[in-house]
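Participant: attaching a predicted model along with its sequence, questions to come.
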Amino acid sequence: MSQEDNGRDEHEHDMVMPGFRFHPTEEELVEFYLRRKVEGKRFNVELITFLDLYRYDPWELPALAAIGEKEWFFYVPRDRKYRNGDRPNRVTTSGYWKATGADRMIRGENSRPIGLKKTLVFYSGKAPKGIRTSWIMNEYRLPQHETERSQKFEIMYI
C-alpha cells in the first residue's frame, strides 16, 4: 500500500453497495417514486436522476443515470411541442421518440388506477422518414387530473 492510499477504500464514494439491484415494479415507480417526487418529498438516496432527457440521444443516457447497467430511470420534465397544447415534444439531436400503441393503465390496490404507461421507440433521422432503432423507453405518469395542480413530469425507464 502506498502512502497515497492511506487505507482508503476505492469504493468509499459508491452510491450503493455491490449486489444491489434497482428493479421496482410499475406500481412502486408510480406510487412511491413518481408520486413522492411530484409532492416534493425527499428520498434518503436519490436513485432516479432528474434529466431533460430529450436533449440527449439514447446512447448518451447510460452515463447520465444514477444507477443501472442495462436499464436506466430518469425523472423527466414535460416538454410541449406547442406552448398552449398537450402534444409532447420528443425530438432529440439526431432523432425522435415515437409512441407505440395506446396508453396502458397502471393499477394499484383494489385495482384502483394510479398512473399511465406509454411505450416509445427511438427513430434516427427526421419524422416521418426516421429509421427505427432498438432503443425502447417506457414513460410512467400520474393521471392528468392529479398533475394539473402540481409539477408536471414523468419517470422514463429506458
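Facilitator: Received it, and whenever you're ready, just let me know what you need.

Participant: next one: the residue nearest to Gly125 when sequence neighbours are not counted from Tyr96, what distance?
Facilitator: The shortest distance from Gly125 to any non-neighbouring residue, by C-beta to C-beta, 6 or more residues apart in numbering, is to Ile131 (5.6 Å). To be clear about C-beta, it is placed using only N, CA and C from the backbone, and glycine gets the same treatment. Distance, Ile131 to Tyr96, using C-beta to C-beta, to the nearest Å: 11 Å.

Participant: so where do the helices sit in this protein?
Facilitator: Assigned helices in the chain, in chain order: 26-28, 35-38, 144-147 (criterion: DSSP state H).

Participant: tell me the most buried of those?
Facilitator: Stretch with highest mean neighbour count among the helices of the chain: helix 35-38 (a mean of 16; mean count of other C-beta atoms under 10 Å).

Participant: using CSV, write out every CA atom in that one.
Facilitator: Extracted C-alpha coordinates of helix 35-38, given in CSV (Å, rounded to 0.1, in the frame of the first residue of the first chain):
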residue,chain,number,x,y,z
ARG,A,35,-45.9,10.5,-6.6
ARG,A,36,-43.3,11.4,-3.9
LYS,A,37,-41.3,13.4,-6.3
VAL,A,38,-44.4,15.3,-7.6
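
Participant: for the remainder of this discussion, apply numbering that starts at 421.
Facilitator: From this message on, residue numbering opens at 421, which makes the last subject helix 455-458.

Participant: joint contacts of Ile551 and Tyr516?
Facilitator: Tyr543 (C-beta atoms under 8 Å, 6 or more residues apart in numbering).

Participant: more neighbours: those two, which one.
Facilitator: Tyr516 (19 against 9; other C-beta atoms under 10 Å).
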